[in-house]
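> below are the sequence and a predicted model; questions follow.
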Amino acid sequence: MSHGKQFTLYSHVTGPNGWKVAVVLEELGLTYETIYLDFKNGEHKAPEFTKYNPNGRIPALIDHRNNDYVLWESGAIIIYLIENYDPEHKVSLASAGDKLQIIQWLFFQASGQGPYYGQAFHFRFNHSEKLPSAIERYQKEIIRVLGVLEGVLSKTEWLVGNKCTVADLSFIQWNEYVDKTVEGFDNFNFEKDFPAVFAWHKRLTARASVAKVVAVRTIKQSN
(Lines give C-alpha, C1' and ligand atoms only; values in the text may rest on other atoms or scores of the structure.)
Protein backbone atom coordinates (compact mmCIF):
# COMPACT_ATOMS: atom_id res chain seq x y z
CA MET A 1 0.00 0.00 0.00
CA SER A 2 1.51 3.33 -1.03
CA HIS A 3 1.12 6.53 0.92
CA GLY A 4 1.49 10.03 -0.43
CA LYS A 5 2.55 11.32 2.97
CA GLN A 6 5.10 9.80 5.27
CA PHE A 7 3.03 9.66 8.42
CA THR A 8 -0.52 8.94 9.48
CA LEU A 9 -1.45 10.66 12.73
CA TYR A 10 -4.49 9.48 14.65
CA SER A 11 -5.85 12.41 16.62
CA HIS A 12 -8.99 14.18 17.84
CA VAL A 13 -10.28 17.67 17.08
CA THR A 14 -10.07 18.83 20.71
CA GLY A 15 -7.55 16.42 22.26
CA PRO A 16 -4.39 18.40 23.07
CA ASN A 17 -1.96 15.49 22.73
CA GLY A 18 -2.63 14.98 19.03
CA TRP A 19 -2.08 18.65 18.26
CA LYS A 20 1.14 18.51 20.29
CA VAL A 21 2.53 15.89 17.89
CA ALA A 22 1.28 17.87 14.88
CA VAL A 23 3.33 20.88 15.98
CA VAL A 24 6.52 18.79 16.06
CA LEU A 25 5.76 17.30 12.64
CA GLU A 26 5.33 20.84 11.29
CA GLU A 27 8.55 22.05 12.94
CA LEU A 28 10.46 19.24 11.23
CA GLY A 29 8.79 19.76 7.85
CA LEU A 30 7.45 16.20 7.76
CA THR A 31 4.44 15.23 5.66
CA TYR A 32 1.47 13.65 7.39
CA GLU A 33 -2.21 12.91 7.12
CA THR A 34 -4.37 13.28 10.21
CA ILE A 35 -7.31 11.01 10.95
CA TYR A 36 -9.60 12.57 13.54
CA LEU A 37 -11.37 9.91 15.58
CA ASP A 38 -14.97 10.39 16.66
CA PHE A 39 -14.99 9.72 20.40
CA LYS A 40 -18.78 9.94 20.67
CA ASN A 41 -19.07 6.99 18.31
CA GLY A 42 -16.30 5.11 20.12
CA GLU A 43 -13.86 5.08 17.23
CA HIS A 44 -10.92 5.29 19.68
CA LYS A 45 -12.04 2.00 21.27
CA ALA A 46 -12.83 0.19 18.01
CA PRO A 47 -10.58 -2.64 16.77
CA GLU A 48 -9.61 -0.58 13.71
CA PHE A 49 -7.75 1.76 16.06
CA THR A 50 -6.83 -0.43 19.05
CA LYS A 51 -4.81 -2.60 16.70
CA TYR A 52 -2.48 0.40 16.67
CA ASN A 53 -2.97 1.59 20.25
CA PRO A 54 -4.29 -1.04 22.67
CA ASN A 55 -4.88 1.75 25.21
CA GLY A 56 -7.56 3.26 22.99
CA ARG A 57 -6.30 6.82 23.33
CA ILE A 58 -4.89 9.37 20.91
CA PRO A 59 -2.41 10.01 19.49
CA ALA A 60 -0.92 7.17 17.51
CA LEU A 61 1.54 7.63 14.67
CA ILE A 62 2.39 5.37 11.73
CA ASP A 63 5.68 5.94 9.88
CA HIS A 64 5.03 4.52 6.42
CA ARG A 65 8.65 4.91 5.34
CA ASN A 66 9.84 2.82 8.25
CA ASN A 67 7.88 -0.35 7.47
CA ASP A 68 4.67 1.18 8.86
CA TYR A 69 6.24 1.50 12.28
CA VAL A 70 3.58 2.32 14.88
CA LEU A 71 4.04 4.28 18.08
CA TRP A 72 1.61 5.67 20.65
CA GLU A 73 1.94 7.95 23.68
CA SER A 74 2.75 11.52 22.64
CA GLY A 75 6.03 11.74 24.55
CA ALA A 76 7.37 8.56 22.96
CA ILE A 77 6.26 9.77 19.53
CA ILE A 78 8.05 13.09 19.98
CA ILE A 79 11.27 11.38 21.08
CA TYR A 80 11.06 9.08 18.06
CA LEU A 81 10.63 12.04 15.73
CA ILE A 82 13.59 14.02 17.00
CA GLU A 83 15.83 10.94 17.22
CA ASN A 84 15.10 9.92 13.64
CA TYR A 85 14.14 13.10 11.79
CA ASP A 86 15.94 16.03 13.39
CA PRO A 87 19.59 15.59 12.39
CA GLU A 88 20.04 19.36 12.27
CA HIS A 89 18.62 19.70 15.80
CA LYS A 90 15.94 22.18 14.80
CA VAL A 91 13.94 21.43 17.95
CA SER A 92 16.34 19.16 19.81
CA LEU A 93 19.89 19.27 21.14
CA ALA A 94 22.97 17.18 20.43
CA SER A 95 24.61 16.53 23.79
CA ALA A 96 23.63 13.53 25.90
CA GLY A 97 23.00 15.73 28.92
CA ASP A 98 20.69 18.06 27.01
CA LYS A 99 18.80 15.10 25.53
CA LEU A 100 18.07 13.82 29.01
CA GLN A 101 16.96 17.27 30.12
CA ILE A 102 14.50 17.34 27.23
CA ILE A 103 13.18 13.89 28.20
CA GLN A 104 12.88 15.10 31.80
CA TRP A 105 10.55 17.94 30.73
CA LEU A 106 8.58 15.67 28.40
CA PHE A 107 7.96 13.37 31.37
CA PHE A 108 6.95 16.30 33.55
CA GLN A 109 4.53 17.53 30.91
CA ALA A 110 3.02 14.07 30.45
CA SER A 111 2.77 13.22 34.14
CA GLY A 112 2.22 16.67 35.65
CA GLN A 113 0.73 19.19 33.29
CA GLY A 114 -1.43 17.00 31.06
CA PRO A 115 -3.27 14.87 33.65
CA TYR A 116 -3.91 17.71 36.11
CA TYR A 117 -5.06 20.17 33.47
CA GLY A 118 -7.20 17.46 31.92
CA GLN A 119 -8.85 16.54 35.20
CA ALA A 120 -9.48 20.19 36.03
CA PHE A 121 -11.14 20.67 32.66
CA HIS A 122 -13.19 17.48 33.04
CA PHE A 123 -14.52 18.24 36.52
CA ARG A 124 -15.30 21.84 35.63
CA PHE A 125 -17.01 21.31 32.28
CA ASN A 126 -17.78 17.64 31.57
CA HIS A 127 -18.48 15.78 34.81
CA SER A 128 -22.09 14.75 35.39
CA GLU A 129 -22.26 16.54 38.74
CA LYS A 130 -20.49 19.55 40.18
CA LEU A 131 -17.82 18.54 42.68
CA PRO A 132 -16.25 21.77 44.02
CA SER A 133 -13.58 19.90 45.99
CA ALA A 134 -12.39 18.05 42.88
CA ILE A 135 -12.42 21.23 40.79
CA GLU A 136 -10.42 23.08 43.45
CA ARG A 137 -7.92 20.24 43.84
CA TYR A 138 -7.02 20.22 40.16
CA GLN A 139 -7.09 23.97 39.77
CA LYS A 140 -4.55 24.14 42.60
CA GLU A 141 -2.42 21.62 40.74
CA ILE A 142 -2.50 23.82 37.65
CA ILE A 143 -1.24 26.71 39.77
CA ARG A 144 1.48 24.46 41.19
CA VAL A 145 2.65 23.32 37.74
CA LEU A 146 2.68 26.92 36.51
CA GLY A 147 4.75 27.79 39.56
CA VAL A 148 7.33 25.14 38.67
CA LEU A 149 7.60 26.55 35.15
CA GLU A 150 7.71 30.14 36.42
CA GLY A 151 10.62 29.32 38.71
CA VAL A 152 12.66 28.06 35.77
CA LEU A 153 11.54 30.46 33.05
CA SER A 154 12.11 33.53 35.22
CA LYS A 155 15.82 32.69 34.88
CA THR A 156 16.03 31.46 31.28
CA GLU A 157 14.15 32.01 28.02
CA TRP A 158 13.73 28.31 27.20
CA LEU A 159 13.58 25.13 29.28
CA VAL A 160 16.73 23.46 27.89
CA GLY A 161 19.85 24.70 26.15
CA ASN A 162 18.86 28.31 25.52
CA LYS A 163 16.76 27.42 22.46
CA CYS A 164 13.24 26.32 21.68
CA THR A 165 12.99 22.53 21.73
CA VAL A 166 10.27 19.92 21.92
CA ALA A 167 10.49 20.35 25.69
CA ASP A 168 8.93 23.78 25.31
CA LEU A 169 6.59 22.88 22.45
CA SER A 170 4.99 20.04 24.41
CA PHE A 171 3.37 22.45 26.88
CA ILE A 172 1.53 24.68 24.41
CA GLN A 173 -1.73 22.85 23.92
CA TRP A 174 -2.78 22.53 27.55
CA ASN A 175 -1.62 26.06 28.41
CA GLU A 176 -4.05 27.28 25.75
CA TYR A 177 -6.83 26.17 28.14
CA VAL A 178 -5.42 27.76 31.30
CA ASP A 179 -7.60 30.87 31.43
CA LYS A 180 -10.78 28.91 30.76
CA THR A 181 -9.97 26.15 33.24
CA VAL A 182 -8.77 28.33 36.14
CA GLU A 183 -11.13 31.25 35.51
CA GLY A 184 -12.47 32.64 38.77
CA PHE A 185 -10.07 30.68 40.97
CA ASP A 186 -8.39 32.93 43.55
CA ASN A 187 -8.52 35.91 41.16
CA PHE A 188 -6.25 34.06 38.73
CA ASN A 189 -4.55 36.20 36.08
CA PHE A 190 -2.16 34.28 33.82
CA GLU A 191 -0.10 37.27 32.67
CA LYS A 192 0.14 38.91 36.11
CA ASP A 193 0.61 35.79 38.25
CA PHE A 194 3.05 33.97 35.97
CA PRO A 195 4.66 36.60 33.72
CA ALA A 196 7.61 34.48 32.61
CA VAL A 197 5.38 31.54 31.64
CA PHE A 198 2.94 33.87 29.90
CA ALA A 199 5.75 35.49 27.85
CA TRP A 200 7.18 32.04 27.01
CA HIS A 201 3.76 30.85 25.86
CA LYS A 202 3.38 33.91 23.64
CA ARG A 203 6.79 33.23 22.07
CA LEU A 204 5.74 29.67 21.35
CA THR A 205 2.36 30.51 19.86
CA ALA A 206 4.01 33.07 17.57
CA ARG A 207 5.96 30.31 15.80
CA ALA A 208 4.83 29.52 12.25
CA SER A 209 4.35 25.82 13.02
CA VAL A 210 2.08 26.56 15.96
CA ALA A 211 0.09 29.19 14.07
CA LYS A 212 -0.53 26.69 11.25
CA VAL A 213 -1.68 23.98 13.65
CA VAL A 214 -3.91 26.40 15.55
CA ALA A 215 -5.52 27.50 12.28
CA VAL A 216 -6.27 23.89 11.33
CA ARG A 217 -7.57 23.15 14.83
CA THR A 218 -9.87 26.17 14.72
CA ILE A 219 -11.36 25.04 11.41
CA LYS A 220 -11.81 21.45 12.59
CA GLN A 221 -13.44 22.51 15.85
CA SER A 222 -15.86 24.82 14.05
CA ASN A 223 -17.11 22.10 11.69
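Looks like it arrived, so ask away. Numbering: from 1, shown residues only.
> may I see the buried residues of the longest helix seen in the chain?
For the chain, the longest helix by residue count, based on DSSP state H, is helix 132-153. Across helix 132-153, burial judged by 16 or more other Cβ atoms under 10 Å covers 134, 135, 138, 139, 141, 142, 143, 145, 146, 149, 150, 153. (Each C-beta comes from the backbone N, C-alpha and C, glycine too.)
> reformat those residues as JSON lines; add distance to residue 189 and pLDDT.
Formatted as JSON lines, these follow (distance: Cβ to Cβ, whole Å; pLDDT from 0 to 100):
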{"residue": "134", "distance to residue 189": "23", "pLDDT": "90"}
{"residue": "135", "distance to residue 189": "19", "pLDDT": "91"}
{"residue": "138", "distance to residue 189": "19", "pLDDT": "89"}
{"residue": "139", "distance to residue 189": "14", "pLDDT": "93"}
{"residue": "141", "distance to residue 189": "18", "pLDDT": "94"}
{"residue": "142", "distance to residue 189": "13", "pLDDT": "94"}
{"residue": "143", "distance to residue 189": "12", "pLDDT": "95"}
{"residue": "145", "distance to residue 189": "16", "pLDDT": "96"}
{"residue": "146", "distance to residue 189": "12", "pLDDT": "97"}
{"residue": "149", "distance to residue 189": "16", "pLDDT": "98"}
{"residue": "150", "distance to residue 189": "13", "pLDDT": "98"}
{"residue": "153", "distance to residue 189": "17", "pLDDT": "98"}
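> list just the nearest of these to residue 116.
Within the buried residues of helix 132-153, proximity to residue 116 (Cβ to Cβ) peaks at residue 141, which comes in at 3.8 Å.
> now do the contacts for the closest residue to residue 211 other than its chain neighbours.
Leaving aside its sequence neighbours, residue 211 sits nearest to residue 205 (Cβ to Cβ, 6 or more residues apart in numbering; 7.3 Å). Counting by Cβ atoms under 8 Å, 6 or more residues apart in numbering, residue 205 touches 172, 176, 211, 214.
> surely residue 52 meets residue 59?
No - applying Cβ atoms under 8 Å, one finds residue 52 not in contact with residue 59, separated by 10.0 Å.
> who has more neighbours, those two?
Between residue 52 and residue 59, counting by other Cβ atoms under 10 Å, residue 59 is the more crowded of the two (24 against 16).
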